[in-house]
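Novice: missing the sequence, but the structure's below:
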């Protein structure tokens, strides 16, 4: 054939010579074909016909040579049977001297135009078969054709019974069909030889066509040697006229190695492949009709007719259909008498149905075509089956048999020669649809049906590659990472059951009214027929066989109700694929025998248990070293597979698919809290991946990402097992359970690898520390893998999740070690010093917390980082308590270790507080200013309280204490100043002032002189006076609460402050009253003692008198237990006013 690149293109405009010279358009139309095609009006009946050349190997079209009258066609021309530039590569095929089409001709076309098969095209066949079918009602000749269904496409091939039975007599093949034929159809079968007249007409036609391409148009007879050549040629033609039937078809060795070469031996031998649309029927037709130029139109067909024999209906239909199929607008007939040329006659294609003695209705032909197609579509329902359409010579009955069903009754189903071509075509159509599966997922059901039917036809031992590939494609149809399909989906996936048609559709009722077909007639020969057309005359009745049972474009796709069911289905296909690959590896006998039903012993359990965390570190180092070597493409296979072979490529894909399926199963089990089962599945996923790593010569980044995800899930499972130790027995039972399918897949994996690469990650330990450590190592390994090939930046979400898990597991381990240290501390004797074991646990815990904090900070997770900081603080407290000792209750100073830890925390807290102060803009006038002032005041208050606490706990040396004193006083002052600016924080202001008073009292305890104490007391009372503002705000709030209108009509003001916390006010008021009472009493005592020594101090006398008066009023007020909160606040405000007035008076007296 010609260049296959031309396939699929539409034919050229009329007159173009580059595409084999086919005219696609009638005269007068534009050269560009219209989308609707051309409608020809023939015989007064409109028949729609459109032809598009998909492929042509014909040479550029040349004008035919008109022969002179009296030219003797019995004499061969000089160029007879010789190659010519005008003939091109098609050679004698164009001029009708080639063998008849082969039995598998439709398959050759189907392989070349795989896109059209199963979807767009109704019929694929030789044009001769199409013509023979459409002439059934007019002809008494026998019809014998093989019919196959691929999707919605029917493939038609001639089934030459004579040639078939001749072979059966010689080789013993097809004996079952011969016996069936003789028993039920023709009991006295014998081969019928063709007459001499047949060979005579064939010879002069060949010579006529060679004359017609001769350059000078004249006959050039040759010598008698040519006559001998003619005779020998006729003999050769006689010998080779029959179809070249093969023995029961076997795949060539080259095909078994490469599915793409599966069309070898099934070539497309046609000069032209044409997509012919006849009414609503789309056909891919092969044609060898010679086409010439030179008439009134750019293309004509040339025919030779005996002038003594008028043209009949059969010949007219034949000529008309040939011209329609090739879209040739004109027919040129050369008439002869006994081989002597008489005349030429030109006839338009649309005039052929009206010729004398050849009149026929084009509408009837259209009805015949539609009825035959409906009949075949309704009854040839099973893909992969070979149907036989048969009409005996002289009979009006057409019968359809299912040869596959008949063949299955014999011993060897491969005696059907169509079995392999059909299987390969099913496979190729499925492959083609798989390439487009993402474009339209509604074809998944069709693809699955095609592949399942393909697998039914293939022998596992003969065709392991196609079986493995088909099973892999079946597994690919199920999307493991997508939600299941809805049962009520509008997609046609779920319309049917497993097969394309239900039983009800295959059983056709016997009714003539609706054009259905009889499936059982009276003689016994009808019992084997699938369907029968009782009379060929019925085919001419419009819509007589119009069937409602159309071949559907898609078949059923199984509905998986949960993830496990979907994954199990995938794994079943993977296992079948692995078995096919393994069976094709010749080195299998060298491998140690293993029973798939016996679990394979795991040799790493004792080793990992013995090694503990240290052994885990070694295994991690080996793993990372192996990951590094993968980048270099190291390859190791125990079975001896050759890298790059189909076994190697296919097993890699199947193993990767199994690892994905097990990962999804593990994830589903994890969500169901079946942690033992989840660990078993993730172990199988990692074992599959380990085998993939051993076989892979070039690790893809996508596969590395899968491994990181597997290890992350494994870490999650180990953590959950550690946290659910109560149900350990059930988890252990689930972990050790294995299905037979899993065992067989594992057996296939062990043919290539020991599968121990990830044993460290999948051990189910009973030790909590070991489980937590394994979980942590899984996350660390997942993180390390993300460092390869820049996976971290390509998958940021997964990277963040891994780091979060690393931070979390390190927190878990840190808490585990911290709790162990606390337990040791509680068991330790009070007087005993801290043990080395405790210190080691502290270090481990602190290291884990520090690494976890780093993990969270690297992804800016402040919340979890704060949690780990809290746990670190708790650890520091445990350390401090351990060093402090329970018996040293009155020890006031920190030990060096305590001081070290405390100072570290103090420094971190103060730095964080000071940083936060920078973001509080208290000076800018804006709506956020009060909020910023409140936050800044709160931070100053907390810093002051911290330094106050440090001072009280005697932390550090004298210089540090002095620094703490100054800082505490500074921050208290700033906090009080900021709170005084706010109108809605009286309680906060009061609390700060009370703490300042307490700070002054603490300072007073370390003073020895009365003068110093008096000065401090004076400062403290001055602070008390400054609280008057806070009490006034509280007083105002209380008054507003009591003054609310009882009717409730008036709504509160929009800017009203939130209601006071009365409980907090009462608590602070009680503290204030007790501290004021204490300060006044101490002041009175000190002033009284000072007066005895020096009697001339007028200022002290005034202060003493004022303090005594206020102290007495305070005692009376606090003694009244029935006073309300507002009354007590009023008293305090009044007393503070007196105290402030007394201080002012004493100050003026001094001045």
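Specialist: That came through fine. None of the values given here were measured: they were computed from a predicted structure.
Novice: Let me know the average pLDDT across stretch 475-483.
Specialist: Stretch 475-483 comes out with an average pLDDT of 71.
Novice: Stretch 776-788 now?
Specialist: 87.
Novice: next one: it to chain centre, how far?
Specialist: 24 Å (Cα atoms, centre = their mean, to the nearest Å).
Novice: List the buried residues for it?
Specialist: Residues 776, 777, 778, 779, 780, 781, 782, 783, 784, 785, 786, 788 are the ones in stretch 776-788 that count as buried (16 or more other Cβ atoms under 10 Å). Just so you know, the C-beta spots here come from the backbone N, C-alpha and C atoms, and that holds for glycine as well.
Novice: For the helix or strand hosting the second one, name the packing helices and strands.
Specialist: Of the helices and strands defined by DSSP states H and E, residue 777 is found in helix 768-786. Judged by 3 or more Cβ pairs under 8 Å, 6 or more residues apart in numbering; DSSP states H and E, the packing partners of helix 768-786 are helix 605-630, helix 701-723, helix 796-827.
Novice: Which element is encountered next along the chain beyond the last one?
Specialist: Right, the one you point to is helix 796-827. helix 836-858.
Novice: Now tell me what touches the next helix or strand after that next one from outside.
Specialist: Moving toward the C-terminus from helix 836-858, the next helix or strand (DSSP H and E) is helix 862-884. For helix 862-884, contacts defined as Cβ atoms under 8 Å, 6 or more residues apart in numbering pick out 804, 807-808, 811, 814-815, 818, 821-822, 825, 834, 838, 842, 845-846, 849-850, 852-853, 856-857, 891, 894-895, 897-898, 901-902, 904-905.
Novice: Just want the angle from helix 862-884 to helix 796-827.
Specialist: Relative orientation of helix 862-884 versus helix 796-827 (axes from the mean of the first three to the mean of the last three Cα atoms, to 10 degrees): 20 degrees.
Novice: Kindly provide the whole-number mean pLDDT of stretch 972-988.
Specialist: pLDDT averaged over stretch 972-988 gives 90.
Novice: Need the residues that contact that stretch.
Specialist: 922, 930, 933-934, 936-938, 940-941, 944, 948, 989, 992-993, 995-996, 999, 1026, 1029-1031, 1033-1034, 1037, 1057-1058, 1060-1061, 1064-1065, 1068.
Novice: Sketch out the low-pLDDT regions of the stretch 301-450 of the chain for me.
Specialist: 409-415, 437-442 (pLDDT under 70).
Novice: what does the stretch 551-700 of the chain give?
Specialist: Residue ranges of the stretch 551-700 of the chain with pLDDT under 70: 551-561, 586-637.
Novice: now the helices: where do they sit in it?
Specialist: Ranges of helices in the stretch 551-700 of the chain, per DSSP state H, counting those that start in this stretch, are 563-584, 605-630, 646-671, 675-695.
Novice: tell me the domain ranges of this structure?
Specialist: Domain segmentation of the chain under the TED database yields 49-183+196-201+269-409, 418-477, 563-585+636-787, 985-1041+1062-1150.
Novice: Can I get those in a markdown table including distance to residue 210?
Specialist: Shown next, in a markdown table, are the domains of the chain (distance: least, Cβ to Cβ, whole Å):
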| stretch | distance to residue 210 |
| --- | --- |
| domain 49-183+196-201+269-409 | 5 |
| domain 418-477 | 35 |
| domain 563-585+636-787 | 48 |
| domain 985-1041+1062-1150 | 116 |
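Novice: And the ones you listed: which comes nearest residue 538?
Specialist: Of all those, it is domain 49-183+196-201+269-409 that lies closest to residue 538, at 7.5 Å by Cβ to Cβ.
Novice: right, and the domains of the chain - which one's nearest residue 968?
Specialist: Once those are compared by Cβ to Cβ, domain 985-1041+1062-1150 is nearest, at 6.2 Å.
Novice: Run the chain-centre distance for the closest one.
Specialist: With Cα atoms, centre = their mean as the basis, the mean position of domain 985-1041+1062-1150 lies at 77 Å from the chain mean.
Novice: where's residue 970, which helix or strand?
Specialist: Short version, using DSSP H and E: residue 970 is in helix 958-980.
Novice: again with residue 426
Specialist: helix 419-435.
Novice: So for that helix, what gets flagged as buried?
Specialist: Buried-residue list, helix 419-435, by 16+ other Cβ under 10 Å: 419-434.
Novice: All good on my end, thank you.
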